[in-house]
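J.: Return a 3D structure for these sequence lines:
(one chain, ligands or ions: 2)
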Amino acid sequence: MQTIGVLGAGAWGTALAATATKAGRDVRVWALEAEVAEALSAGKGNPVFLPDIELPKMQASSDMSILADCEAILSVVPAQHARACFNQLNQYLTPGVPVLLCSKGIEKNTLSLMTDVVHETMPKATPAVLSGPSFAADVARGLPTAVTLACADEKLGQTLMKAIGRSAFRPYWSNDLIGAEIGGAVKNVLAIACGIVEGLELGKSAHAALISRGFAEMTRLAVAMGAQQQTLAGLCGLGDLVLTCSSPQSRNMSFGMALGQGRSAQDILAERNSVTEGVATAPALTELAAREGVAMPICQAVHEILAGQKNVDEAMTALLNRPFKHEGF
Ligand SMILES: NC(=O)C1=CN([C@@H]2O[C@H](COP(=O)(O)OP(=O)(O)OC[C@H]3O[C@@H](n4cnc5c(N)ncnc54)[C@H](O)[C@@H]3O)[C@@H](O)[C@H]2O)C=CC1
Ligand SMILES: O=C(CO)COP(=O)(O)O
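T.: Ligands and ions are numbered 1, 2, ... in the order given. Okay, the predicted model is just below:
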């Protein structure tokens with residue numbers, strides 16, 4: 001597998017394209033913004049989404065036909081834009097081509113996971129999922145990490161791992177696509193909650209308790225949707241949850257911190273050109289949890305705050321006054 005297409009040149013798409021280039025692949029990048037495509041093609045990095053990081057030169061275009069006939073595609077567009085992009089991408093795919101889903105979110109209104117969106121828009125494609133603790137800036141700088149690569153077919157999974165893996169970027173194979181997707185989507189909402197706890201200065205004990213109970217919520221939903229419990233204990237679940245809930249480098253966590261400090265969601269988002277996936281995923285997740293009959297009180301509290309149904313203090317008081325119960329998932 002030599003020719004790798006990357007759909008989306010935000011921070012993460014760019015970091016993954018750089019990684020695959022360093023791994024020796026022939027990489028082709030589709031960027032929505034012509035200025036990003038021009039800068040990447042000229043070897044000037046990505047001044048819009050990953051400024052001040054030196055990157056290898058790569059072929060890039062804002063014309064999606066650049067992805068025609070690639071042997072694998074990495075999809076790295078924000079979850080809420082995936083369907084529109086896939087509708088356009090479909091015409092350029094060869095039958096059976098693997099599409100490795102690298103974005104972390106659930107589609108609003110339809111409640112579709114990214115694999116569902118692939119099945120509905122690109123029936124020729126074979127979906128796989130890449131998820132785990134991986135800040136784009138760290139990966140683009142060549143700092144080490146490990147991620148989950150979920151693919152139903154182990155042989156294809158191994159081929160994808162060899163194509164994009166390096167010593168500093170270590171994929172581990174799993175056959176559990178649903179577990180990998182749910183882990184990545186839910187941790188973003190939980191990171192907002194952790195940020196709120198930090199912004200309210202409720203202390204590190206509250207922070208750790210929230211991560212642990214959040215992990216129980218994530219696992220409950222994933223298992224109800226057919227995932228294996230152990231997947232959530234891996235890189236794409238606990239690994240990414242710990243990373244994203246621990247550092248203001250996370251957009252979701254820093255968004256939550258600003259909310260906890262009293263700023264409005266609208267004001268915080270207006271200052272950003274980057275995506276904060278947990279904001280759109282929170283309402284979808286709340287609906288999905290209700291559909292599956294799974295209790296997700298922390299994620300629901302984030303949704304209620306974002307929907308203006310409760311302020312942060314009211315949401316926190318409601319969480320702290322839930323009935324005492326058995327621990328466990
Ligand atoms: N940045 C990171 O550290 C990581 C991000 N991810 C995930 O990767 C996905 C992409 O995030 P980032 O690369 O960070 O994005 P970003 O926040 O750096 O950039 C925003 C991206 O959204 C794209 N965009 C905006 N409007 C669009 C539209 N109408 N159609 C298609 N694309 C549009 C922009 O072109 C750009 O690529 C998200 O789901 C995120 O959760 C996953 C792992 C790490
Ligand atoms: O998914 C990520 C790290 O694994 C990035 O998290 P944020 O989108 O919150 O920055």
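
J.: Let me see the contact set for Ala222.
T.: Ile178, Gly179, Ile182, Gly183, Val186, Gln229, Thr231, Leu232, Gly237 (C-beta atoms under 8 Å, 6 or more residues apart in numbering). To be clear about C-beta, it is placed using only N, CA and C from the backbone, and glycine gets the same treatment.

J.: The closest residue to the last one other than its chain neighbours: what secondary structure?
T.: Right, the one you point to is Gly237. In space, and not counting its chain neighbours, Gly237 is closest to Gly183: 3.7 Å by C-beta to C-beta, 6 or more residues apart in numbering. Assigned with DSSP: H, G, I helix; E, B strand; the rest coil, Gly183 falls in the helix class.

J.: contacting residues for Gly183?
T.: Ser131, Thr148, Met218, Ala222, Thr231, Leu232, Gly234, Cys236, Gly237, Asp240, Leu241.

J.: one step back: right, and the pair among the contacts of Ala222 with maximum separation?
T.: Val186 and Gln229 (14.1 Å; C-beta to C-beta).

J.: Can you pick out the residue with more neighbours from those two?
T.: Comparing Val186 with Gln229 by neighbour count (other C-beta atoms under 10 Å), the higher total belongs to Val186, at 33 against 14.

J.: Helix or strand for the residue nearest to the more buried one when sequence neighbours are not counted, just tell me which one.
T.: Leaving aside its sequence neighbours, Val186 sits nearest to Met218 (C-beta to C-beta, 6+ apart; 4.2 Å). In this structure, Met218 sits in helix 204-224 according to DSSP states H and E.

J.: and whatever helix or strand comes next after that helix, average pLDDT?
T.: The element immediately downstream of helix 204-224 (helix or strand, assigned by DSSP H and E) is helix 229-232. The pLDDT scores in helix 229-232 average 98.

J.: got the CA positions of the next helix or strand along the chain from helix 229-232 in PDB?
T.: Counting by DSSP H and E, the next helix or strand C-terminal to helix 229-232 is helix 240-244. Extracted in PDB, the C-alpha atoms of helix 240-244 (Å, rounded to 0.1, in the frame of the first residue of the first chain):
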ATOM      1  CA  ASP A 240      -7.500   9.200  25.000                       C
ATOM      2  CA  LEU A 241      -9.800  10.100  27.900                       C
ATOM      3  CA  VAL A 242      -6.900  10.600  30.200                       C
ATOM      4  CA  LEU A 243      -5.000  12.700  27.700                       C
ATOM      5  CA  THR A 244      -7.900  14.900  26.700                       C
END
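
J.: With that, I have no additional questions.
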